[in-house]
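Novice: quick one, structure for this:
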Amino acid sequence: MDCGFDSPEKIAKCIEIARPWFDIASGLANLASVVGLSITTALVWMLSRLRKDLNKWQAEVAHEKELRGYAEQTTKEAQHRAELSESAATRDRDSLGKLKATIDASEDELRKKVVSVQTELDETNGRITAALTMTDGPAARFWSRPVGLRLVGYESLLAASIPILLFGNLKGGVGKSTLVTNLAAAFANRGERILTIDLDYQGSHSSLAQIQNDASDQAPDSRIDFLFQDELDPNWQKLAIRPITSTLDYISAFYDFEKIERSVEYRWALAAVKDDVRYRLARALLEPEIQEKYDRILIDAPPRFTLGFVNGFCAATHLYVPTVVDGLSAAAVESFARQFIELKPIVNPQISWSGIIGTMTFANPNEPLTLTKTAEAAAIEAEHIAQRRLKTKEPLFIRKPVIKRDSVLARATEKGIAYLNESSVRPMFDELAIAIESKAPSRKTRA
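Specialist: Down below sits the predicted model:
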């Protein structure tokens, strides 16, 4: 009977036929199962081993990657440090270059400064040497250096000036301040507008003017100082000039002026001023306003060859020499004449030695305003000495009037200006004013 599925018998036949094959297949299956297990076990082991190897490889790869990253970071950092080092080196080179340039420039500047300091030192030594040379001799030599910067047109202005009378003698105690003060009052009494200037820091003339002006015996202000500054104050007239009467003004001096003189003298000797300080008074007195306001100016000079004296010398048109008429007067006049001759052609060719005035003389019983016979001999000697020095035969000693020793004059000075307070002293000053007017006429007289 054939195997089939259309009847139970055929199905049973089929099973019977198939059983041996199933048994074989089952055996094979069992064998396959054992083999498969072994294979599976082997595969599992291999897979485990592979997984371990893979994990190890992955770990090594990761470690290598980490090392590579670290190496790259280290390289970058090294490159950055190298760049920083290069930048720093570049900056250092630039800084070094700039420092070198600065040092070079500083060396050049230092050399220039050394040269400049050396030049200044040489100039200073030269000025000191010149100053020492100037002081090594008579006082006139100190003031006889060549003319420097002074007001423009000085000589022509002085030639056209109102009379500016300098009363000077390098011997003190000759009654010069009393003479100037009273003679100024005499000129004012004649109708002239007068300005007096005190250049002696002892201030005798200023004291008399102040007592007359306000009856004060206090020390006068030194207003002459305003005229001796490096720059002349535009308001110097209001600051310096004070009235005595309606036609008589004065500029005072006192001990503060000595400090001004000394300071300016030293700076001029060391060439530390711009202008020629010998002409500071002239720059003021030759101003048009002063020339128009006054008819005559009288200057009371100190008995010393100081800054004040030489300024009076450079500002004056006429010189009058008051002197006590005795045996010592001739020597004093000769010394003064010698220095006058040395100074005049250099600093003021316009000034004229106009006369010698006898002061503090003893009264002549026969003619009160003339010299006694004894005094006449001294006057002749002084005049001849001056004439020889000045190389002139022109009479120089004003014989009449002379200013006599007078107790009334002495007492009257206690109240100020004797001429204004005591009529008995006026004739000798009036007559002297006339004598001076003949040689130094004012514009009113010339008109």
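
Novice: can you give me the helices in the stretch 151-300 of the chain?
Specialist: Along the stretch 151-300 of the chain, counting by DSSP state H, counting those that start in this stretch, helices occupy 154-159, 176-189, 204-214, 236-240, 256-269, 280-285, 288-293.

Novice: which of those is buried the deepest?
Specialist: Of all the helices of the stretch 151-300 of the chain, helix 176-189 has the most neighbours on average by mean count of other CB atoms under 10 Å, namely a mean of 26. For every residue, glycine as well, the C-beta is placed using N, CA and C.

Novice: what angle do that helix and helix 204-214 make?
Specialist: Following axes from the mean of the first three to the mean of the last three CA atoms, to 10 degrees, one obtains 50 degrees for the angle between helix 176-189 and helix 204-214.

Novice: just the CA trace of helix 176-189, in CSV.
Specialist: Extracted in CSV, the C-alpha atoms of helix 176-189 (Å, rounded to 0.1, in the frame of the first residue of the first chain):
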residue,chain,number,x,y,z
LYS,A,176,75.1,171.3,48.4
SER,A,177,71.6,170.2,49.5
THR,A,178,70.9,173.6,51.1
LEU,A,179,72.1,175.3,48.0
VAL,A,180,69.9,173.3,45.6
THR,A,181,66.8,173.6,47.8
ASN,A,182,67.0,177.3,48.2
LEU,A,183,68.1,178.0,44.7
ALA,A,184,65.2,176.0,43.3
ALA,A,185,62.8,178.2,45.4
ALA,A,186,64.5,181.3,44.1
PHE,A,187,64.0,180.2,40.5
ALA,A,188,60.3,179.3,41.3
ASN,A,189,59.9,182.8,42.8
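
Novice: that helix - what's its average pLDDT?
Specialist: The pLDDT scores in helix 176-189 average 97.

Novice: then stretch 156-171?
Specialist: Mean predicted lDDT for stretch 156-171 stands at 95.

Novice: chain center to that stretch, what's the gap?
Specialist: Relative to the centre of its chain, stretch 156-171 is centred 32 Å away, using CA atoms, centre = their mean, to the nearest Å.

Novice: show me where the stretch 301-447 of the chain has strands.
Specialist: Ranges of strands in the stretch 301-447 of the chain, per DSSP state E, counting those that start in this stretch, are 318-324, 352-361, 397-404.

Novice: any chance of TSV for those, columns mean neighbour count and distance to Thr90?
Specialist: TSV is the format used below for the strands of the stretch 301-447 of the chain (neighbours: other CB atoms under 10 Å; distance: least, CB to CB, whole Å):
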stretch	mean neighbour count	distance to Thr90
strand 318-324	24	83
strand 352-361	23	84
strand 397-404	21	95
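
Novice: I'd like those strands as TSV, with distance to Leu369 appended.
Specialist: Shown next, in TSV, are the strands of the stretch 301-447 of the chain (distance: least, CB to CB, whole Å):
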stretch	distance to Leu369
strand 318-324	15
strand 352-361	9
strand 397-404	4
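
Novice: my guess is Thr306 contacts Ile260, does it?
Specialist: No - in this structure Thr306 lies outside contact range of Ile260 using CB atoms under 8 Å: 10.5 Å.

Novice: what's the domain layout of this protein?
Specialist: Domain segmentation of the chain under automatic domain parsing yields 1-106, 142-446.

Novice: highest average neighbour count across the ones you listed?
Specialist: Note that of the domains of the chain, domain 142-446 is the most buried (mean count of other CB under 10 Å), with a mean of 19.

Novice: now the common contact residues for Thr306 and Ile260.
Specialist: Shared contacts of Thr306 and Ile260 (CB atoms under 8 Å, 6 or more residues apart in numbering): none.

Novice: contacting residues for Ile341?
Specialist: By CB under 8 Å, 6+ apart, the contact set of Ile341 is 389-390.

Novice: ok, 10 Å please
Specialist: Ile341 makes contacts with 140, 353, 389-391, as judged by CB atoms under 10 Å, 6 or more residues apart in numbering.

Novice: can the residues you listed go into CSV with extra columns for pLDDT?
Specialist: Formatted as CSV, those follow (pLDDT from 0 to 100):
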residue, pLDDT
Ala140, 71
Trp353, 97
Arg389, 93
Leu390, 93
Lys391, 93
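
Novice: closest one of these to Ala410?
Specialist: Closest to Ala410 out of these is Trp353 (29.1 Å), distances taken as CB to CB.

Novice: Pro395 is in contact with the closest one, correct?
Specialist: No - in this structure Trp353 lies outside contact range of Pro395 using CB atoms under 10 Å: 11.7 Å.

Novice: mutual contacts of the two, please.
Specialist: Shared contacts of Trp353 and Pro395, defined by CB under 10 Å, 6+ apart, are found at Gln387.

Novice: ok, and the closest non-adjacent residue to Cys213?
Specialist: No Cys there; residue 213 is Asn. Take Asn213 and drop its neighbours on the chain: the residue closest to it by CB to CB, 6 or more residues apart in numbering is Ile244, 5.2 Å away.
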